[in-house]
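# Whatever this is, show me its structure:
(one chain, ligands or ions: 2)
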Amino acid sequence: MAKSKSFSCSACKASFSKWSGRCEGCGEWNSISQTAALSTGPGKKSLGNTRGTAIELSDLATKETPPPRTLCGVGELDRVLGGGLVAGSAILVGGDPGIGKSTLLLQAAAQFAHSGVKTIYVSGEEATAQVRMRAQRLGLAQAPVKLAAETNLRDILTTLEAEKPQLVIIDSIQTMWVDTVDSAPGSVSQVRSAAHELTSFAKRNNVSIVMVGHVTKDGQIAGPRVVEHMVDTVLYFEGERGHQFRILRAVKNRFGPADEIGVFEMTGRGLAEVTNPSALFLSERGEPSPGSVVFAGIEGTRPVLVEMQALVAPSPHSQPRRTVVGWDGGRLAMILAVLEARCGIPFAGLDVYLNVAGGMKISEPAADLAVAAALLSAREDTALPADTAIFGEISLSGALRPAPQTENRLKEAQKLGFTAAIAPSGGKSVSIKGIGLRRVTDLTGFVGDFFGAG
Ligand code: TYD
Ligand code: MG
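Ligands and ions are numbered 1, 2, ... in the order given. Now for the predicted structure:
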């Protein structure tokens, strides 16, 4: 394509096709100069003039039947999937090695198989005998699940085409390799092309495919991150090694709400579902003690009560420690800064430790007030009244913002025997029988009310 030259006047911005000494627009002399034509973009890579076939366009109003869903009977898993497994969906289950992904998926495969879904479990990490042994230990030996130990994706897809299953578990995506890609299994390009092949196979053949992906603690190299955008649903299986609780969290779901969690307990006979996580998380709570506060949170569509524990102690170091487990370190720094700047309560020279009991990870901003309360309670060495649940977001000005779903939080607290709650004012007025609700407007007021300072 020939570039068309263009000239413009620097005084009046009029444009011309050729240069001249005097601008015809404003009469200015010597003001016309050549301007660069707009780039037409990379020429060689454009589609050119070759026509494709026309695609059919439809409208939004056409009635679509919702995709069929199958429930496996494990309530915690069905809910995280958004109400059962959608046919033809691609699901990624990520998590640390050894957290229990294979155990969870073997149990899920057995459940789905029992409810009539034709299921194949392909292990690239363990031999079939090992998977069978685990199934026997879990009491699942009778489940009609077909097994294979294979890593060559071409062979796997050929088998799947012949077998026509409805659900396939691939454990794990890092062990699969595509023979058209040169790099080693587990490398970014192998993981990406294997996941792409599997996802398009799922869509073409209406087979649900669950892929396991290991997350490495540092950097997540070649981990599930590179396939997150390809799949319909991304679930993360989290938990602390020392704890028996495991949390399955939906971080992306095209067929249901994200942020939904399912809670499991690792037992000697596999994973058991925990239908009332609040009761479990609070069951280890002892006598009311300084630094311990109960946060009424919401995870997905469900209220969950957890205990926030703080410890504040004089620091022997010039740079005091700030250690957080289960919450965001940056957010803790923010709360400490607001307490210092708005309420005049310094934490300089003090080590601060914050822990969410039970191995739970909290990301809700509504936990701010509970954290502030735990920090103050630990610093002042005064326990807050027992049976009080707290929630609310703190803004940098020290004001408290109302949290969503206040009513659900209070109902859950009431169900677990709490008699009082502290929440930000504003928002809808709510009253729950049996719960004395204290509304506070700002952090200074809260400190004054409960710690007699501020
Ligand atoms: P696994 O499912 O192999 O983890 P992943 O596939 O995520 O790497 O689970 C491994 C751990 O689970 C192992 O350390 C032992 C524990 N476990 C139990 O506690 N109970 C059981 O019944 C099973 C099967 C495993
Ligand atoms: Mg495994």
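# Show me which residues of the chain sit near ligand 1.
95, 97-103, 134, 137-138, 266, 268-270 (CB under 6 Å from any ligand atom). C-beta here means a position set from N, CA and C on the backbone, and glycine is covered the same way.
# Can you tell me which of the residues you listed has the most neighbours?
Neighbour counts for those, by other CB atoms under 10 Å, peak at K101, which reaches 25 neighbours.
# Could you identify the pair within the residues of the chain next to ligand 1 that is furthest apart?
By the measure CB to CB, the residues of the chain next to ligand 1 have their two most distant members at P97 and R269, which lie 21.4 Å apart.
# Mind checking which of the residues of the chain next to ligand 1 are in strands?
Among the residues of the chain next to ligand 1, the ones falling in strands (DSSP state E) are G95, M266, G270.
# which one's the longest strand in this structure?
strand 302-314.
# Same question for that strand: list its buried residues.
The neighbour-count criterion (16 or more other CB atoms under 10 Å) identifies R302, P303, V304, L305, V306, E307, M308, Q309, A310, L311, V312 as the buried residues of strand 302-314.
# can you give me the offset of that strand from its chain's centre?
Relative to its chain's centre, strand 302-314 lies at 21 Å (CA atoms, centre = their mean, to the nearest Å).
# Could you list every helix and strand that the following helix or strand past it packs against?
The first helix or strand that comes after strand 302-314 along the chain, using DSSP states H and E, is strand 322-325. Applying 3 or more CB pairs under 8 Å, 6 or more residues apart in numbering; DSSP states H and E, one finds that strand 322-325 makes contact with helix 329-343, strand 350-356.
# Check these for me and report the most buried one.
strand 350-356 (a mean of 20; mean count of other CB atoms under 10 Å).
# Need the pLDDT of whatever residue of the stretch 151-300 of the chain ends up closest to ligand 1.
Residue of the stretch 151-300 of the chain nearest ligand 1, by CB to the nearest ligand atom: G270 (4.1 Å). G270 is assigned a pLDDT of 91 by the prediction.
# Report the contact partners of it.
By CB atoms under 8 Å, 6 or more residues apart in numbering, G270 lies in contact with T103, Q107, R137, L138, G139.
# Tell me who's in contact with the fourth one.
Okay, so that is L138. T103, L106, Q107, A110, R269, G270.
# Let's see that with 6 Å instead.
Counting by CB atoms under 6 Å, 6 or more residues apart in numbering, L138 touches G270.
# measure it to D96 for me?
In this view, L138 and D96 are 20 Å apart by CB to CB, to the nearest Å.
# could you dump the helices and strands packed on strand 322-325 to TSV with mean pLDDT?
Output for the helices and strands packed on strand 322-325, formatted as TSV (pLDDT from 0 to 100):
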stretch	mean pLDDT
helix 329-343	95
strand 350-356	95
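# Redo the ones you listed as a markdown table? Include distance to V210.
Listed next are the helices and strands packed on strand 322-325 as a markdown table, based on distance: least, CB to CB, whole Å:
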| stretch | distance to V210 |
| --- | --- |
| helix 329-343 | 33 |
| strand 350-356 | 28 |
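# And the nearest residue to V212 once chain neighbours are set aside, how far from E76?
What sits nearest to V212 in space, not counting adjacent residues and going by CB to CB, 6 or more residues apart in numbering, is S172, at 4.0 Å. As judged by CB to CB, S172 and E76 stand 22 Å apart.
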